[in-house]
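1. Fold the stuff below for me.
(4 chains)
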Number of protein chains: 2
Amino acid sequence: MLNRAAAQRVRTFAPRTDVAREGEKPKDVHLILNGWACRYKQLEDGRRQIVSFFLPGDICDLNIFILREMDHSIGTITPVSIADLPREFFDEISAGYPRIATAFWWETLVNAAIQREWTMNLGQRTASERMAHLLCELYFRLRLAGLADDNSCSFPLTQADLAEATGLSKVHVNRTLQELRASNLIVLKGKMLVLPDLERLMGAGLFNANYLHLDREGRQLDANE
Amino acid sequence: MLNRAAAQRVRTFAPRTDVAREGEKPKDVHLILNGWACRYKQLEDGRRQIVSFFLPGDICDLNIFILREMDHSIGTITPVSIADLPREFFDEISAGYPRIATAFWWETLVNAAIQREWTMNLGQRTASERMAHLLCELYFRLRLAGLADDNSCSFPLTQADLAEATGLSKVHVNRTLQELRASNLIVLKGKMLVLPDLERLMGAGLFNANYLHLDREGRQLDANE
DNA sequence: AGCCCACAATAACTTATGTTAGCATGTTAC
DNA sequence: GTAACATGCTAACATAAGTTATTGTGGGCT
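-> Numbers count the residues shown, from 1 in each chain, chains lettered A, B, ... in the order given. Okay, the predicted model is just below:
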């Protein structure tokens, strides 16, 4: 179903380019087929915040076309291929396929939960907790998408990206990563992340996976674990 | 429609009590009829973050019952009355009332946008920008709900609440409020907030109302302005 | 009235994180 | 191979925000 719809229109983007910009009228819903992207917001003076990451399989803002204009931008991290799902696609589904419609609500609610957790992350966690937490989240999500090995995954984010996502300065991100390395919690080198002791990293980040709602019926079976 | 449904079951809560707790199975959707409430998350060591505020007319997490368990708690600030909307209510609506279903999507998407803006707020804005921004948001939302005068509104949050919402310490919240007072941007006393110069406060908070999506068809007419 | 308690205000001091700058390393293009 | 650029690393220093503690203030009880 999704695959058929996705076949309708696929576009590819170079790394570090915008897929959609704040202020534009949202048209289609985007399904990430491949690569990493992010949602970001920017202040007039240039300060940027990455507010979420999109991994393969993620859908950007279901039904976003109900709003008049984008309040954020979407940009790529790596090369990305995206399927554009038109409005009619969703109208059909909500009319005729209640189980799929429910799955869409699920996706929307989980994304909202992730956004809340980010709020918590930025508001309450220290730099190293925050970094550990973010790495855990990305690892879990990648694993769910079948894109992580037993304790490692590919990791295309630069320290500058991590800075924009965590609200820390680039220098402090570097310090924080050194600290996690020194504690043998991570091995991060050349776009590859290894987590030798996920349990301890989760502890260090006060990470509780409940907000990812991994327990949805049918979901658990798809995950590679 | 909403009113009829709301009549089904209304409960009242004392200030500073929980309406729902993290870990519980979500059952109904809550519609706030009266009073202020908030969504919050808590770390094992007690650190708390308020991740959003609920004002009268707000709906907490539409279709939340699709998830297996709550990943956050809902607590009251003031005395609150709440209507519980059962699952069947939403099933009926999405089956038979597409315009109302669309309105629900709108509510959901705007809440997501607010949550993103909070992420930005915590990640990039300084303490006083952050505080100014939060006050602007609450004022705009109250005005939309018909609960604000020309330049003032009732304001039941304590400095401790503001600290938990902004990720600042109580002491620093106090300092920050003093600073805003000294610049004649706010008058905050006895649960009443006056904004003598909204334009300047918005400037101080780098506040851009676009994320509230006040421009929805039909919405603008209801707002008291 | 007088007590209590939550809330607000300040002060003195500590610390986490930001800033600026310079250098090292790696990757891509020609 | 080497220029050019992006990314990563480190150091020295500056500052915003946190911490602890004390005092003030006002509203609600009995």
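
2. now residue A:88: how far from residue A:94?
-> 11 Å (Cβ to Cβ, to the nearest Å). Placement of C-beta: from N, CA and C, glycine included.

3. typo on my end, residue A:139
-> Counting by Cβ to Cβ, the gap from residue A:139 to residue A:94 is 33 Å.

4. still on that earlier bit, what about residue A:88 and residue A:94, which has more around it?
-> residue A:94 (21 against 9; other Cβ atoms under 10 Å in any protein chain shown).

5. hang on, isn't residue A:138 packed against residue A:53?
-> Yes - Residue A:138 is in contact with residue A:53 according to Cβ atoms under 8 Å; the separation is 6.7 Å.

6. Quick one: residues contacting residue A:203.
-> For residue A:203, the contact set (Cβ atoms under 8 Å, 6 or more residues apart in numbering or on different chains) is empty.

7. secondary structure element for it?
-> Per DSSP states H and E: residue A:203 is located in helix A:198-204.

8. Briefly note if that helix comes near DNA strand C.
-> No - when contact is scored as Cβ under 7 Å from any atom of the strand, no part of helix A:198-204 falls within range of DNA strand C; the minimum is 12.8 Å.

9. chain center to that helix, what's the gap?
-> 20 Å (Cα atoms, centre = their mean, to the nearest Å).

10. Tell me the buried residues in it?
-> Of the residues in helix A:198-204, those with enough neighbours to count as buried (16 or more other Cβ atoms under 10 Å in any protein chain shown) are A:198, A:201-202, A:204.

11. per-domain residue ranges of chain A.
-> A:2-96, A:109-222 (automatic domain parsing).

12. which residues are common contacts for residue A:138 and residue A:53?
-> Common neighbours of residue A:138 and residue A:53 (Cβ under 8 Å, 6+ apart) do not exist.

13. mind listing what's buried in the longest helix belonging to chain A?
-> For chain A, the longest helix by residue count, based on DSSP state H, is helix A:98-124. Within helix A:98-124, the residues that count as buried by 16+ other Cβ under 10 Å are A:101, A:103-124.

14. relative to helix B:98-124, how tilted is that helix?
-> Helix A:98-124 and helix B:98-124 meet at an angle of 20 degrees, taking axes from the mean of the first three to the mean of the last three Cα atoms, to 10 degrees as the criterion.

15. Does DNA strand D have contacts with helix A:98-124?
-> No - Helix A:98-124 does not reach DNA strand D (Cβ under 7 Å from any atom of the strand); its nearest approach is 8.7 Å.

16. need the strands for chain A, in chain order.
-> Under the criterion DSSP state E, strands of chain A are mapped to A:10-13, A:18-20, A:29-34, A:37-42, A:48-54, A:59-60, A:73-76, A:80-85, A:152-154, A:187-189, A:192-194.

17. any idea what sits nearest the residue nearest the centre of chain A, other than its immediate chain neighbours?
-> With distances taken as Cα atoms, centre = their mean, residue A:53 lies nearest the centre of chain A, 2.7 Å away. Leaving aside its chain neighbours, residue A:53 sits nearest to residue A:38 (5.1 Å; criterion: Cβ to Cβ, 6 or more residues apart in numbering or on different chains).

18. what's the answer for residue A:57, then?
-> Excluding the flanking residues, the one nearest residue A:57 by Cβ to Cβ, 6+ apart is residue A:145, at 4.9 Å.

19. Over to residue A:30?
-> residue A:60 (4.3 Å).

20. ok, now which ones touch residue A:180?
-> Residue A:180 makes contact with A:128, A:131-132, A:135, A:186, A:201, A:204, according to Cβ under 8 Å, 6+ apart.

21. Can you tell me which of the residues you listed is nearest DNA strand D?
-> Closest to DNA strand D out of these is residue A:186 (11.1 Å), distances taken as Cβ to the nearest atom of the strand.

22. what about the closest residue to the closest one other than its chain neighbours, distance to residue A:187?
-> Spatial nearest neighbour of residue A:186, excluding adjacent residues (Cβ to Cβ, 6+ apart): residue A:180 at 4.7 Å. For residue A:180, the distance to residue A:187 equals 10 Å [Cβ to Cβ].

23. now do residue A:149
-> Residue A:149 is 13 Å from residue A:187, by Cβ to Cβ.

24. who has more neighbours, these two?
-> The neighbour comparison of residue A:149 against residue A:187 (other Cβ under 10 Å) goes to residue A:187, with 14 against 11.

25. Surely the more buried one is in contact with residue A:196?
-> Yes - assessed by Cβ under 8 Å, residue A:187 is found in contact with residue A:196 at 6.7 Å.

26. before we move on, back to that, for the strands of chain A, which one sits closest to residue A:167?
-> Closest approach to residue A:167 among the strands of chain A (Cβ to Cβ): strand A:48-54, 6.7 Å.

27. Now that closest one: buried residues?
-> In strand A:48-54, counting by 16+ other Cβ under 10 Å, buried: A:48-54.

28. Pull up the residues of chain A that are close to DNA strand C.
-> For chain A, the residues in contact with DNA strand C (Cβ under 7 Å from any atom of the strand) are A:126-128, A:167-169, A:171-172, A:190.

29. quick one: which of the residues you listed is nearest residue A:68?
-> residue A:167 (28.4 Å).
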